[in-house]
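[1] Here is a sequence together with a model predicted from it:
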Amino acid sequence: MDVFIHWAGFVGAWLLVAGPLLQAAIELRDEELDREGFESAMADLEPPPKISAWWWLLPPVAYVMNRRRNNAHQKAVYAVLAPEQRAQFVGFMNKARGWFSVAAGAFLIALKETWELVELYELPGWLYAVAIVVLSIGVVSSTVVQLSRSDGVLHADDPDYAAKRRTKKSSASN
């Protein structure tokens, strides 16, 4: 029975990682955003200047400088957005942070449950690291595949949908 409980905890923990990740991807993909409006507002905004890599010799100082730079850039972004766009953006970010917190907490539980399974079978530590990497890739891949299948079903009546997606991907990668 002890072995069954360890395996149930292991599987359950990884399902708890996969579920919020998939739900976040679905909800954030379907979020109503004025993407063109964001792009046009951001087009005139200068990217924030990068801090010198030398500051990373003093990580706390570099972290503070980076936070200040990011905060200043975020204020500049909010200033150029219309109130409706700002509300959309803040809502999107709040939802993303919430789902990230749930998935991160589940991932920590999955780390623990995976470690307990490795200890149960007295496996080498390197196998733990390999399992974490492989399972993480599997969870992310599962989300991507499920979203792709959903899109395929939703656009089954559009014969040009696959070509449009390929064109959009190639233009985004260039």
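    It's in.
[2] and the longest helix along the chain, what other elements does it pack with?
    The longest helix of the chain (DSSP state H) is helix 83-120. Judged by 3 or more CB pairs under 8 Å, 6 or more residues apart in numbering; DSSP states H and E, the packing partners of helix 83-120 are helix 2-30, helix 35-43, helix 125-154. Placement of C-beta: from N, CA and C, glycine included.
[3] On the three-state scheme, Ile51 is what?
    coil (DSSP: H, G, I helix; E, B strand; the rest coil).
[4] Which of the helices and strands packed on helix 83-120 has the highest mean neighbour count?
    Ranked by mean neighbour count under mean count of other CB atoms under 10 Å, those are led by helix 2-30, which reaches a mean of 15.
[5] Remind me what that one packs against, helices and strands.
    Partner elements for helix 2-30 (3+ CB pairs under 8 Å, 6+ apart): helix 83-120, helix 125-154.
[6] any chance of these in CSV, plus mean pLDDT?
    Converted to CSV, the helices and strands packed on helix 2-30 look like this (pLDDT from 0 to 100):
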stretch, mean pLDDT
helix 83-120, 95
helix 125-154, 95
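[7] Same list, those, but as TSV with distance to Leu16 please.
    Listed next are those as TSV, based on distance: least, CB to CB, whole Å:
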stretch	distance to Leu16
helix 83-120	4
helix 125-154	10
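[8] excluding its backbone neighbours, what's nearest the residue nearest the centre of the chain?
    The structure's the chain has its C-alpha centroid closest to Phe100; by CA atoms, centre = their mean the separation is 6.9 Å. Of all residues not flanking Phe100 in the chain, Ala24 sits nearest, at 7.2 Å (CB to CB, 6 or more residues apart in numbering).
[9] Hmm, Ala103 and that neighbour touching each other?
    Yes - between Ala24 and Ala103 there is a contact under CB atoms under 8 Å: 6.7 Å.
[10] Pro49 and Met65, how far apart?
    Pro49 is 11 Å from Met65, where distance means CB to CB, to the nearest Å.
[11] Since that was my last question, I'll sign off now.
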